[in-house]
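Participant: Provided below for reference: sequence and predicted model.
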Amino acid sequence: MAKFARFSTFLFSFFCLLNMAHAESHFDTLAKGGAGGWLNVTRSLTTDDMNGRLVLLDFWTYGCVNCIQIIPDLKKIEDKFGDDVLIIGVHSAKFKGEQGNSRILSAAKRFGLEHPVINDSDFSIWKSFDVGAWPTLILLNPDGTKINRYVGEGHLKDIVKDIEKNISKVKKVEGRATIASLIPVEKNQSILSFPARIKKSGNLFYVADAGNDRILAVNQDGKIIKKYDGLHNPRGFDVVGDNIFVADTEQHNLVRINIQTGEQQVVGGDGHRGNMWASPWDILSLKDEGLLIAMAGTHQIVKWNDTQSSVFAGSGRENLKDGKLNEAELAQTSALAMGNDGAIYFVDAESSALRVIKDGQVKTLIGSGLFDFGLKDGNLSDGLLQHPQGLYVADDKIYIADTYNNAIRIYDITSGKLSTLKTVGDTLNEPGAIWVEGDKGWIADTNNHRILNLDLKTDVVSEFKITE
C-alpha cells in the first residue's frame, strides 16, 4: 500500500509537471506575439503579464461581421472583471488584405478595442490551439491551462459563468502592470473618423462619419453645415424626402432622422442582435415602397416600411448561391444600389462578390466562393474582388469600392467585364464607398479618415477637405 501511495504521489506530481509545461507553452507561445507581433499596446506583453490572471483569447479576423458582433460582449467582460481577466485578440486573417499590422491596428481603433492584439498572420497560434472558425474564444486558467472553448456568437453568459467559477484562482501580483496601462490612448486628429459612406442629395453631401458616431451634412465647398450626433458606428444611410434613414450598425437599429430638426427615432430593431436585425450595413430607398436594408449580420436583405419588416432576399446561410430570393445564399451584404432598369445590385463582402437581383432571382456577376478573392480583371469566370464594401450604379457602369484591394473597380453591365480604375495621385486605404455624378466622383477613404475627389476624365484623386 505504501509503495502504491508513493507511486500515486509520483504520478500526480508527474501530471502536474506536464500541465505546468503545457501551461508555460501556451503563455510562451502567446508572448512571442505571432508572426506580426503585438499591436494596440504600449509594449509587448510577457508571460508575467499573463501569469496569475484569467486569459480570454479571441480568435478573429476584422472583416468578419460575426467577430464584430461579439465586441460588445468583450467590453462587458472587461468592465465587469477589470484586471482579473486579460483579453487578448488573436488576429488570424482570412483575407490577404487583412494581414498587415497597420490595417489590423486601424480596425482595433475603429472598433474601440481596449485589449492587446496579436497579429497571427501565419496561423501558428490558431493551429497551436486547434481553432477552426471565426470567432472562437478560449478561456485559460491563471496557470495557462484551458478552461473552455466557445465557437461563434452568443456565449456571453457561459463565459461569465466560467470566469466566476474560476475567479478565485486569480493571484494579485504587486507591481504588475495594469491592463489599462498596456493600452495606448490615442486621439484621431482628423475631423472625420473612419468615414464609411458618402451620398449626395440635392446640393449637399451626407457622410457617415462612423468613428465619430454621426452623420454629417456638408456643402459643396466641404463645410459642415449640420451634425447628427448620438448614433452608434453608422455604416450606411439613404436620404428620403425630409428624413435620413440610418443603418445604426453597432446598435442593430434603423434610425430615422428629421433633416431639419435633427429629431431621431428608432423605427426598426430593438438595440440587440436579433434573428432579423443584425449589423445593418446599408440602406436603399425604393421610393414609395419602403427601404431595402443590407443586413450584414444575418447575410440577408430586409425590406422595411412603416408597418412591417420582412426578409426580401437570402436564406440566412452564409455562402454564394444563386436562385430564387428566399433560397439564394448571401455573405455579409454590405452595399446596395439600383440600376436604371430597376435591378438591385449589391456586394457581398465575405464572398468578394458583385451580385444582382432581377425578376425575382439572385445572380452572381463577379465572385465564385467564400475563399476566392484577389485583384484581377475579367468576367465572371476569372474576375476577382477582395472584400468590397461599396458601389454606385451610373448608366451601364457599376463603380465598386474594392475595399481590401485599396482600389476602385468598374463593372461594365453590357459586356460583363470587370476592370480596375488606374487612379493617379493619393493612395487609397480601405475605401468604403463611392458616389458618382457625371465625370466626378467622391470616395470615402475610410482608413485615411477623409473624403477624396475623383476626376473621371483624368482618374486623378485628391482630397475633398472637410472643414468645421
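Facilitator: Sure thing, it's come through.

Participant: ends of stretch 138-150, how far apart?
Facilitator: 6 Å (CA to CA, to the nearest Å).

Participant: who touches it?
Facilitator: Outside stretch 138-150, the residues within contact range by CB atoms under 8 Å, 6 or more residues apart in numbering are 19-20, 22-27, 50-57, 59, 129, 131, 136-137, 158-159, 162-163, 166, 169-171. (Glycine included, C-beta is placed from N, CA and C.)

Participant: mean confidence score for it?
Facilitator: The average pLDDT for stretch 138-150 rounds to 96.

Participant: following the worst-scoring helix or strand of the chain on mean pLDDT, which helix or strand comes up?
Facilitator: The helix or strand of the chain with the poorest confidence is helix 2-31; it has a mean of 53 (mean pLDDT, DSSP states H and E). Going down the chain from helix 2-31, the next helix or strand is strand 37-39, by DSSP states H and E.

Participant: about what we covered before: counting neighbours, which of the contacts of stretch 138-150 end up buried?
Facilitator: The neighbour-count criterion (16 or more other CB atoms under 10 Å) marks 23, 26-27, 50-57, 59, 129, 131, 136-137, 159, 162-163, 166, 170 among those as buried.

Participant: Just the ones in strands from those, please.
Facilitator: Those of those mapping onto strands are 54-57, 59, 136-137, per DSSP state E.

Participant: for these, which one is nearest Lys199?
Facilitator: Proximity of these to Lys199 (CB to CB) peaks at Phe59, which lies at 35.5 Å.

Participant: Quick one: residues contacting that closest one.
Facilitator: Contacts of Phe59 (CB under 8 Å, 6+ apart): 90, 92, 120, 126, 129, 131, 134-138.

Participant: TSV for these, including distance to Asp322?
Facilitator: Putting those into TSV (distance: CB to CB, whole Å) gives the following:
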residue	distance to Asp322
Val90	35
Ser92	30
Asp120	34
Trp126	32
Phe129	36
Val131	31
Trp134	25
Pro135	28
Thr136	30
Leu137	34
Ile138	37
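
Participant: These: which two are farthest apart?
Facilitator: Checking these with CB to CB, the most distant pair is Asp120 and Leu137, at 14.5 Å.

Participant: For stretch 44-56, which outside residues touch it?
Facilitator: Residues contacting stretch 44-56 (CB under 8 Å, 6+ apart): 24, 27-28, 30-31, 33, 37-38, 74, 77, 81, 83-88, 116, 137-144, 147, 159, 163, 166-167, 169-173, 176-177, 182.

Participant: repeat that with 7 Å
Facilitator: 27-28, 30-31, 33, 37-38, 77, 84-88, 116, 137, 139-142, 163, 166-167, 170-171, 173, 176-177, 182 (CB atoms under 7 Å, 6 or more residues apart in numbering).

Participant: ok, the ones in strands among the buried ones among the contacts of stretch 138-150 vs Lys440, which is closest?
Facilitator: Phe59 (42.9 Å).

Participant: Dig out what the closest one forms beta bridges with.
Facilitator: Val90, Thr136 (DSSP bridges).

Participant: how about low-confidence regions in the stretch 51-200 of the chain?
Facilitator: The stretch 51-200 of the chain contains no residues with pLDDT under 70.

Participant: Which of the helices or strands spans Ile77?
Facilitator: Using DSSP H and E, Ile77 falls in helix 71-81.

Participant: for Leu105, that is, sorry about that
Facilitator: Going by DSSP H and E, Leu105 is in helix 101-110.

Participant: Which positions in that helix come out as buried?
Facilitator: Buried residues in helix 101-110 (16+ other CB under 10 Å): 103-110.

Participant: what does the model give the residue nearest to Gly268 when sequence neighbours are not counted for pLDDT?
Facilitator: Ranked by CB to CB, 6 or more residues apart in numbering and with sequence neighbours excluded, the top spatial neighbour of Gly268 is Leu254, at 3.3 Å. Each residue has a pLDDT score; the one for Leu254 is 98.

Participant: try the one 4 residues further on
Facilitator: Turning to Asn258, the model gives it a pLDDT of 98.

Participant: I'd like the distance between it and Phe245.
Facilitator: 11 Å (CB to CB, to the nearest Å).

Participant: SS state for the spatially most central residue of the chain?
Facilitator: The chain has Gly63 as the residue nearest its centroid, 4.3 Å off, counting by CA atoms, centre = their mean. Under DSSP: H, G, I helix; E, B strand; the rest coil, Gly63 falls in the coil class.

Participant: Pretty sure it sits against Gly97.
Facilitator: No. Using CB atoms under 7 Å, Gly63 is not in contact with Gly97, being 8.2 Å away.
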